[in-house]
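> Make a model of this:
(2 chains)
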Protein chains: 2
Amino acid sequence: MTDVPTLLVLDADPLPRLGRLTGRARVVHTDEASLAARLPEADVLLVWDFTSHAVRDAWPGEGPRPGWVHTASAGVDHLMCPELVASETVVTNARGIFDEPIAEYVAALVLAMAKDLPRTWELQRRHEWRHRESRRVAGTHAVVVGSGPIGRAVARTLKALGVTTAVVGRVPRTGIHGPQDLDRLLARADWVIAAAPLTEQTRGMFDTRRFGVMQPSACFVNVGRGQLVVEDALVQALQKRWITGAALDVFATEPLAPDSPLWQVPGLLVSPHMSGDTVGWRDELGVQFVELFERWAAGRPLRNVVDKQRGYVPGH
Amino acid sequence: MTDVPTLLVLDADPLPRLGRLTGRARVVHTDEASLAARLPEADVLLVWDFTSHAVRDAWPGEGPRPGWVHTASAGVDHLMCPELVASETVVTNARGIFDEPIAEYVAALVLAMAKDLPRTWELQRRHEWRHRESRRVAGTHAVVVGSGPIGRAVARTLKALGVTTAVVGRVPRTGIHGPQDLDRLLARADWVIAAAPLTEQTRGMFDTRRFGVMQPSACFVNVGRGQLVVEDALVQALQKRWITGAALDVFATEPLAPDSPLWQVPGLLVSPHMSGDTVGWRDELGVQFVELFERWAAGRPLRNVVDKQRGYVPGH
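All right, here's what the predicted structure looks like:
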């Protein structure tokens, strides 16, 4: 067992598929409290508990550090600290697992808002038959902020429903608008979808000014990271009817506290960070990590390598 | 004014666009109570109040009858009586107006059920953060019962979301299954969508036996007519967990009474017959009728002519 690498797993949940590494890795499980003490012995760190900030807290300590960190999430903002960015350590993410599930979730929210389903079910609870007219989605306009695989999957799905959809990324390229087009696109959008990584450029980008640019009929959806949005600005935009509705699956602080005012803002739909998590997702994450581990152990190049300066996996 | 035809309008709502017929028709509005008395003087009857059964009740009376009846609805079941079927009177419907809106509504319901949105918003009311896994829709199977333009639009939209979708009609033809395939398709469907006209063949077709054929994971949606479903059988199927969920937009008796038990069956989503009614729908119905009237007045063949024996507009 001395010549197999040590795989340190920061886990909160039961973790499937790692049994496939039996004999090929010494698997050590850790909780947040023990992480700092165990980092020096690890060759590889698997951040299975993607809600944890423990890596960011523990990394700047003493001793050697794993050469590879994998997070079972699309976003890497919870990991990053200057010392990790400056280090030789390679960071990989779960790129690909969440794209289509999140795209379906966004379609579900857009259609639910267009068809006024939340109100319908509120009326059902009151046993009230109240016919209303609802909105078509075909022929409307969406802007998706975030040009990674999640944003592009969202755009494909909305287009399949007949929605004219523009994607905005950090850099303009074929089929992707640059940031300079954002305000113009926001001003005509019926649906604004935030699906960007959390970086210094995107933090707080949906603020009072940007909600003010949107149409009164617009609805806003965030499936990226909570801190893309200035939450107070969104609440005010809804209260002042600058926009019609919003759905948040992610929040600046998660889980949302029971006494958070966000639970009961009229026009705001709250869901508990579940947009990408369809039946079997943990399994897929496990399979993906095992495949990456096998590449790494064979000395082949890793996939899903994060640009640590930018905070996401660059590419198409 | 004596040589212009008399257009009798059975109306409950304000009716747009008829002003375009000024000078070309003598427009007489009637309510249900006066309909029988006014039928003999009418050349054309426009059934604007598509919720009314007054035509079926008034038609068998005395005197001449209009040569053309148009209903501002897709279904014609509320009109039909043996005397009308046997008569020379041509019946037309609003074929085409509701296809895409209803298809979007079905997609909204399917996605909402897959993503467990009703439960999410129930948890929101309780300020409870409870992460769950949800279902993918891509890769699932649907069967759409009803091969008219509404059923086919539903199938196209579900296919665009990656759902493998079969359509069942009265007669098998290219791309459409016949009734003999129905039970086999029901047994493997994740989503069963009722979008058929109400006829003697379809009345009560979703009964205890058919709910028993479905998978325990299946969800049932009715956007056709309430009487396609034996409502008690559906309630039992949900209570016994023969199927997972259902959404009804139409009911045997509408509006649903406040004390109907259907409002609070676990797993049953109730909406007030609004699936096809998107902003502008009354306008589109008005424009459609005016165009048909112009064809009729010019002696050209009408469109959307109902096969009165079958109870719907046949053909593609």
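> Got the domain ranges for chain A?
The record's domain parsing of chain A by automatic domain parsing lists A:6-96+A:280-297, A:99-270.
> Among these, show me which one is buried the most.
Compared across these, domain A:99-270 shows the largest average neighbour count, a mean of 20 (mean count of other CB atoms under 10 Å in any protein chain shown). C-beta: built from backbone N, CA, C; applies to glycine.
> distance between it and the chain's centre?
Distance, stretch centre to chain centre, for domain A:99-270: 14 Å (CA atoms, centre = their mean, to the nearest Å).
> Could you do stretch A:93-105 as well?
For stretch A:93-105, the separation from the chain centroid amounts to 9 Å (computed by CA atoms, centre = their mean).
> on that earlier part again, out of the domains of chain A, flag the one nearest chain B.
Nearest to chain B, of all the domains of chain A, is domain A:99-270, at 3.6 Å by CB to the nearest CB.
> do you know which of the domains of chain A lies nearest residue B:294?
Closest approach to residue B:294 among those (CB to CB): domain A:99-270, 26.4 Å.
> thinking again about what came up before, lowest average pLDDT across the domains of chain A?
Mean pLDDT per stretch puts domain A:6-96+A:280-297 lowest among the domains of chain A, at a mean of 94.
> Return the residues in contact with the closest residue to residue A:7 other than its chain neighbours.
What sits nearest to residue A:7 in space, not counting adjacent residues and going by CB to CB, 6 or more residues apart in numbering or on different chains, is residue A:25, at 4.2 Å. Residues in contact with residue A:25, defined by CB atoms under 8 Å, 6 or more residues apart in numbering or on different chains, are A:4, A:5, A:6, A:7, A:44, A:293, A:297.
> My guess is the fourth one contacts residue A:46. True?
Yes. A contact is recorded between residue A:7 and residue A:46 when judged using CB atoms under 8 Å, the distance being 6.2 Å.
> among the contacts of residue A:25, which are in strands?
Residues of the contacts of residue A:25 located in strands (DSSP state E): A:6, A:7, A:44.
> Columns distance to residue A:125 on top of those residues, output as CSV?
CSV is the format used below for the ones in strands among the contacts of residue A:25 (distance: CB to CB, whole Å):
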residue, distance to residue A:125
A:6, 54
A:7, 49
A:44, 50
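> Strands of the stretch 1-150 of chain A, start to end?
Here the stretch 1-150 of chain A has its strands, by DSSP state E, counting those that start in this stretch, at A:6-10, A:26-30, A:44-47, A:68-71, A:90-92, A:141-145.
> residue ranges of the helices in chain A, please?
Along chain A, counting by DSSP state H, helices occupy A:32-38, A:54-58, A:82-86, A:99-114, A:117-125, A:149-160, A:182-186, A:208-213, A:231-239, A:281-297.
> rewinding a little: need the domains of chain A in CSV with distance to residue B:221, can you?
What follows is the domains of chain A, written out as CSV (distance: least, CB to CB, whole Å):
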stretch, distance to residue B:221
domain A:6-96+A:280-297, 24
domain A:99-270, 13
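> Which among these is found nearest to residue B:66?
With CB to CB as the measure, domain A:99-270 is the member of the domains of chain A nearest residue B:66 (28.1 Å).
> first vs last residue of the closest one, how far apart are they?
One end of domain A:99-270 sits 20 Å from the other (CA to CA, to the nearest Å).
> Nearest to the middle of chain A, which residue? Look it up for me.
residue A:224 (3.9 Å; CA atoms, centre = their mean).
> Report the contact partners of that one.
Per CB under 8 Å, 6+ apart, neighbours of residue A:224: A:75, A:145, A:146, A:150, A:194, A:195, A:196, A:197, A:198, A:202, A:250.
> would a markdown table of these with distance to chain B be doable?
A markdown table is the format used below for those (distance: CB to the nearest CB, whole Å):
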| residue | distance to chain B |
| --- | --- |
| A:75 | 16 |
| A:145 | 21 |
| A:146 | 20 |
| A:150 | 15 |
| A:194 | 18 |
| A:195 | 16 |
| A:196 | 21 |
| A:197 | 21 |
| A:198 | 19 |
| A:202 | 24 |
| A:250 | 12 |
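> Out of those residues, give me the two with the largest separation.
A:75 and A:145 (14.4 Å).
> picking that back up, any idea which of the contacts of residue A:25 is closest to residue A:133?
For the contacts of residue A:25, the nearest to residue A:133 is residue A:293 (54.3 Å; CB to CB).
> ok, so what distance separates the closest residue to the closest one other than its chain neighbours from residue A:40?
Spatial nearest neighbour of residue A:293, excluding adjacent residues (CB to CB, 6+ apart): residue A:21 at 6.2 Å. Distance, residue A:21 to residue A:40, by CB to CB, to the nearest Å: 21 Å.
> Could you do residue A:258 as well?
Note on residue A:258: its distance to residue A:40, by CB to CB, is 39 Å.
> Check residue A:55 too.
From residue A:55 to residue A:40 the distance is 14 Å (CB to CB).
> Ok, residue A:278 next?
Here residue A:278 is placed at a distance of 37 Å from residue A:40 (CB to CB).
> same thing with residue A:31?
17 Å.
> Over to residue A:297?
From residue A:297 to residue A:40 the distance is 20 Å (CB to CB).
> Tell me the residues of the stretch 1-150 of chain A that contact chain B?
Those residues of the stretch 1-150 of chain A that sit near chain B, judged by CB under 8 Å from any CB of the partner chain, are A:100-101, A:104-105, A:107-109, A:111-112, A:114-115, A:117-118, A:120-121, A:123-124, A:127-138.
> who touches the nearest residue to residue A:255 once chain neighbours are set aside in this structure?
Spatial nearest neighbour of residue A:255, excluding adjacent residues (CB to CB, 6+ apart): residue B:129 at 3.8 Å. By CB under 8 Å, 6+ apart, the contact set of residue B:129 is A:254, A:255, A:256, A:258, A:272, B:123.
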